[in-house]
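[1] below are the sequence and a predicted model; questions follow.
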Amino acid sequence: MSTYREALREAHREALARDERVFLMGEDVGRYGGTYAVSRGLLEEFGPERVRDTPLSELAFVGAGIGAALGGMRPIVEIMTVNFSLLALDQIVNTAALLRHMSGGQFHVPLVIRMATGAGRQLAAQHSHSLEGWYAHVPGLKVLAPATVADARWMLWPALCEPDPVILFEHVLLYNLEGDPGSAEGGSDITHACVRRTGERVTLIAYGGTLGKSLQAAEQLAQEGVECEVIDLRVLRPLDEETLLASVKKTRHAVVVDEGWRSGALAAEVAARIAEGAFYELDSPVQRVCTAEVPIPYAKHLEEAALPQVSSIVAAVRAAL
Amino acid sequence: MARAHFGPVPYAKPFALELVRHMLRIRRFEERCAELYGTGHIRGFLHLYIGEEAVATGALTALGPEDALVGTYREHGHALVRGIAPGVLMAEMFGQREGCCRGRGGSMHIFDARTRFYGGNAIVGGGLPLGVGLALADRMRSLARVTACFFGEGAVAEGVFHESLNLAALWRLPVLFCCENNLYAMGTALARSESETDLCAKARSFRIPAERVDGMDVVAVHEATKAAVAEVRAGRGPRFLEFQTYRFRAHSMFDPELYRAKAEVEEWKERGPIHTFTARLKDQGLLCEDEFLTLEREVQHEIDAAVAFARAGTNEPVEELTRDVRAAEGQA
């Protein structure tokens, strides 16, 4: 057993030991041990050249990561949260994602960017948003959302083996999650969605921070005799349409759970793919459970009310049936 | 005071003529680009470097083939001096598959892996952290290479300029920051956008040694760059050069030039980098009129051949539209 945090740390340790081109940089990844303690101990083990503290200059250190990747390194850049990644959005979208295409295939950017995302810790509006859907909009990027300890352990190395940029989202409520990290053979896929629970009646589609709530909702519904199939998207771009559609065609009902805001969220894209690919197999309209369209508030009861919860997922399943 | 070079041109004849050839090639290439824009063969944005030729010529001839270059959207001159074939460059502007980027980039996005030419960047300041990262990779890999990072004076207003200079200085990275100060960010004069117009002072505030150079004088540019490159290559951290220069043409093909006086443009043209340099060479007996005319003819033939190459080019098949977004299966 290990925590999600420890699994991530072990993944970094493995990558740093395995390939001398790999290095980690970001704010407080070294001396401080990582904002979420993911990199604690790595500075002592690998030294300041390879576990590199940066100034609070998101745009420059992400851009430097791109440059270092072009220059033959395999950088892992940690951004403290997705909210701060907006300061680096220009380099991610206007450089990393475009270079291979814009250069006619001459250059490519083997870079992994990791960042925390999501709400639930009363950190208020500037630390709690879920903008995964924005990144999943951009051609040239691959977007991953490990939602289990095993995925936290085994997604990093294959991400580093990609010749093009990969963004890895870690939901803040997952760091203390305990689970079985499993083995490399079981978890190194960064292509497919995963069926986390099988069921016949309705398909619940979730990722990252909403997977646990969806599994709880499924458990509760099972006691009432409603068997849900729960799909963990895992890869937000490109979407694994095949796994999604196979499940929906079987259950004929779909509920998409997403911590992003409803308008233009990734859930909207998933719903559209279902409508395009399985319209005639559906017995009811696709339901969405998303975050209320407000900046995430500080007060606990308001924050909870804004986010998808087990009760709202259960209600959406009932509405679908 | 900007570094200028008084006295005789300190070069042997072959190198002096090479400098003339580079500057002439840029000038004639771009004059042709403007014509081809008029006839619709080149579209999109086209930013001409005419007037600023001494900067790319003097600076890039001070780099080695192992060094890297990061440019801006006004980069045809740099691409030519760096050794990208004029035909391949022209084909790119025509939007053809024979272009260096298979028609994906156009005028503003020239890339060339062979010469380590990393763009071609249309986000002002966007290349700065890229240059810092390339230098970081060289440092971590113990390679004695230099990354020359070009940007205009407009970029100093961007936050990323300050972030990048700080990072390069903090980590003592082998970057040469080359600021092409042509006085106007599109139409905004430096004094209208900066509270501190001394750009070298900004660089020095990060403890980066900085020097102001007469960018209309190819000798001054070359000498200053050669000295700075030696420092950077020796591992003494980044250097900053401000080249004071001037573009004779409009910002792009859509600019009516309402923001500057014609007399100012004429005044700068008197300091034009090609005629002033050739005059010095003639005075010193390093160049005679016949040799100059021969050079002109040769460059003209080269540009004619480049245009012919582009005219004979082909369209990338539409089936190839989505190639090179990410690596294909099994591709590195």
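    The structure has been received and is ready for your questions. Quick caveat: nothing in here was measured; it's all calculated off a predicted structure.
[2] centroid residue for the chain?
    Just going to use chain A. A:Ala145 (2.1 Å; C-alpha atoms, centre = their mean).
[3] look at chain B instead
    B:His78 (3.7 Å).
[4] would that one count as being in a helix?
    Yes - looking at B:His78 with DSSP: H, G, I helix; E, B strand; the rest coil, it is inside a helix.
[5] now it: how far from B:Glu52?
    Using C-beta to C-beta, to the nearest Å, B:His78 is found at 10 Å from B:Glu52. C-beta: built from backbone N, CA, C; applies to glycine.
[6] again, but for B:Ser205
    As judged by C-beta to C-beta, B:Ser205 and B:Glu52 stand 26 Å apart.
[7] those two: which is more packed in?
    Neighbours were counted for B:Ser205 and for B:Glu52 using other C-beta atoms under 10 Å in any protein chain shown; B:Glu52 has more, 25 against 14.
[8] any stretches of the stretch 101-250 of chain A with poor pLDDT?
    A:186-188 (pLDDT under 70).
[9] show me the domain layout of chain A.
    Using automatic domain parsing, the domain parsing of chain A gives A:2-187, A:194-320.
[10] so how far is the last one from its chain's centroid?
    When C-alpha coordinates are averaged (C-alpha atoms, centre = their mean, to the nearest Å), domain A:194-320 and its chain have centres 15 Å apart.
[11] let me see the confidence value for the residue nearest to the centre of chain B.
    Note on B:His78: pLDDT of 98.
[12] so it makes contact with B:Phe150?
    Yes - with contact defined as C-beta atoms under 8 Å, B:His78 counts as touching B:Phe150 (6.6 Å).
[13] common neighbours of the two, please.
    Overlap of the contact sets of B:His78 and B:Phe150 (by C-beta atoms under 8 Å, 6 or more residues apart in numbering or on different chains) consists of B:69, B:71.
[14] output the domains of chain A as TSV; include the columns distance to B:Thr322.
    What follows is the domains of chain A, written out as TSV (distance: least, C-beta to C-beta, whole Å):
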stretch	distance to B:Thr322
domain A:2-187	8
domain A:194-320	12
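[15] most tightly packed of those domains?
    domain A:2-187 (a mean of 21; mean count of other C-beta atoms under 10 Å in any protein chain shown).
[16] helix or strand: which one has A:Thr191?
    Element membership for A:Thr191 (DSSP states H and E) is empty, with no helix or strand holding it.
[17] does A:Asp151 fall in a helix, a strand, or a coil region?
    Under three-state DSSP, the three-state class of A:Asp151 is helix.
[18] a markdown table for the domains of chain A, including distance to chain B?
    What follows is the domains of chain A, written out as a markdown table (distance: least, C-beta to the nearest C-beta, whole Å):
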| stretch | distance to chain B |
| --- | --- |
| domain A:2-187 | 2 |
| domain A:194-320 | 9 |
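[19] ok, back up a step: so the residue nearest to the centre of chain A touches A:Phe169, yeah?
    Yes - using C-beta under 8 Å, A:Ala145 makes contact with A:Phe169 at a distance of 4.7 Å.
[20] overlap in contacts of the two?
    A:132, A:208, A:236.
[21] so which of the residues you listed belong to helices?
    Per DSSP state H, helices hold the following members of the shared contacts of A:Ala145 and A:Phe169: A:Glu132.
[22] so is stretch B:316-329 next to chain A?
    Yes - with C-beta under 8 Å from any C-beta of the partner chain as the criterion, chain A is reached by stretch B:316-329 at B:323-327.
[23] buried sites along that stretch?
    By 16 or more other C-beta atoms under 10 Å in any protein chain shown, the buried positions in stretch B:316-329 come out as B:316, B:323-326.
[24] on that earlier part again, got the residues of stretch B:316-329 next to chain A as a markdown table, with pLDDT columns?
    Converted to a markdown table, the residues of stretch B:316-329 next to chain A look like this (pLDDT from 0 to 100):
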| residue | pLDDT |
| --- | --- |
| B:Arg323 | 95 |
| B:Asp324 | 96 |
| B:Val325 | 96 |
| B:Arg326 | 96 |
| B:Ala327 | 95 |
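[25] list the contacts for A:Glu162?
    A:110, A:112, A:142, A:190, B:327.
[26] ok, the residues you listed vs A:Glu20, which is closest?
    A:Pro110 (14.3 Å; C-beta to C-beta).
[27] is the closest residue in space to A:Gln309 that isn't next to it in sequence within a helix or a strand, and which one?
    Nearest non-adjacent residue to A:Gln309, counting by C-beta to C-beta, 6 or more residues apart in numbering or on different chains: A:Lys213, 6.5 Å away. In this structure, A:Lys213 sits in helix A:210-223 according to DSSP H and E.
[28] please save the CA atoms from that helix in CSV.
    Taking C-alpha atoms only, helix A:210-223 is exported to CSV below (Å, rounded to 0.1, in the frame of the first residue of the first chain):
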residue,chain,number,x,y,z
THR,A,210,-14.7,13.0,-9.4
LEU,A,211,-13.8,9.3,-9.8
GLY,A,212,-14.1,8.5,-6.1
LYS,A,213,-17.4,10.3,-5.7
SER,A,214,-18.7,8.4,-8.8
LEU,A,215,-17.7,5.1,-7.3
GLN,A,216,-19.4,6.0,-4.0
ALA,A,217,-22.6,6.9,-5.9
ALA,A,218,-22.4,3.6,-7.8
GLU,A,219,-22.1,1.8,-4.5
GLN,A,220,-25.1,3.5,-3.0
LEU,A,221,-27.1,2.9,-6.1
ALA,A,222,-26.1,-0.8,-6.2
GLN,A,223,-27.8,-1.2,-2.8
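[29] give the next helix or strand downstream of it.
    strand A:228-232.
[30] helices or strands next to that following strand in the packing?
    Contacts defined by 3 or more C-beta pairs under 8 Å, 6 or more residues apart in numbering or on different chains; DSSP states H and E place strand A:228-232 against strand A:194-197, strand A:202-206, helix A:210-223, helix A:241-251.
[31] and those as CSV, adding distance to A:Gln122?
    CSV is the format used below for the helices and strands packed on strand A:228-232 (distance: least, C-beta to C-beta, whole Å):
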stretch, distance to A:Gln122
strand A:194-197, 28
strand A:202-206, 22
helix A:210-223, 17
helix A:241-251, 33
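[32] and B:Met253, which of the ones you listed is closest to it?
    Once the helices and strands packed on strand A:228-232 are compared by C-beta to C-beta, helix A:241-251 is nearest, at 43.6 Å.
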